[in-house]
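Colleague: Could you work out the structure for the sequence below:
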Amino acid sequence: MIDNDVVMGKGSVVCVSDDLVNMFGCTIGKRTAIGPFCEIQRDAIIGDDCKISSHTVIGGLVTIGNNVYIGHGVQFCNDIYPTNVVRPGFMKECVIENDVAIGSNAVILPVTIGRGSIIGAGAVVTKDVPELSIVMGNPAVVSRQFDSMGDRDAFVQRDNSHSL
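Modeller: Predicted coordinates for the structure are as follows:
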């Protein structure tokens, strides 16, 4: 269900059917694709040219920049002390800067993920991630740092060029 208070940018789409998502009070940028079985909560902001894969939950106070890829089953958890009681001040902001890629089944706590970073599949991100980093593990740690977007892109291209 897409609530009436959702702002969808031009060219953005919900893949499959509006009945297979739960979106309310959020803002979606231009040309962004939302996969099935996603939930995007009130006060979440997603930028332009993003891909949000299926079974992802994006809570309130999450801001996602432009050109961000989010894999399947990613969970954004921004309540620093989860309980069954809503308590003001216990929700923290999470910021994902531009050109970030987040692997499937990652868990993102209230952190800032720097521009151009790559989050490994299944990572549990508990601390801020410097820009142009690759992090992986539980808890996630920096495994590689790049000097520029060009270096990062060359690494990704080279790593994906082998055949299986």
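Colleague: how many other residues sit next to Pro139?
Modeller: 12 (other C-beta atoms under 10 Å). No exception for glycine: its C-beta is placed from N, CA and C like everyone else's.
Colleague: Test my guess that it contacts Gly120.
Modeller: No - applying C-beta atoms under 8 Å as the test, Pro139 and Gly120 come out as separate, 11.9 Å apart.
Colleague: for the nearest residue to Asp3 once chain neighbours are set aside, what are its contacts?
Modeller: Leaving aside its chain neighbours, Asp3 sits nearest to Phe24 (3.8 Å; criterion: C-beta to C-beta, 6 or more residues apart in numbering). By C-beta atoms under 8 Å, 6 or more residues apart in numbering, the contact list for Phe24 reads 1-3, 5-6, 40-42.
Colleague: Show me where this structure dips below the pLDDT cut-off.
Modeller: Across the chain, the ranges flagged by pLDDT under 70 are 80-90, 159-164.
Colleague: Closest to the centroid, which residue in it?
Modeller: Nearest to the geometric centre of the chain sits Ile70, at 4.8 Å (C-alpha atoms, centre = their mean).
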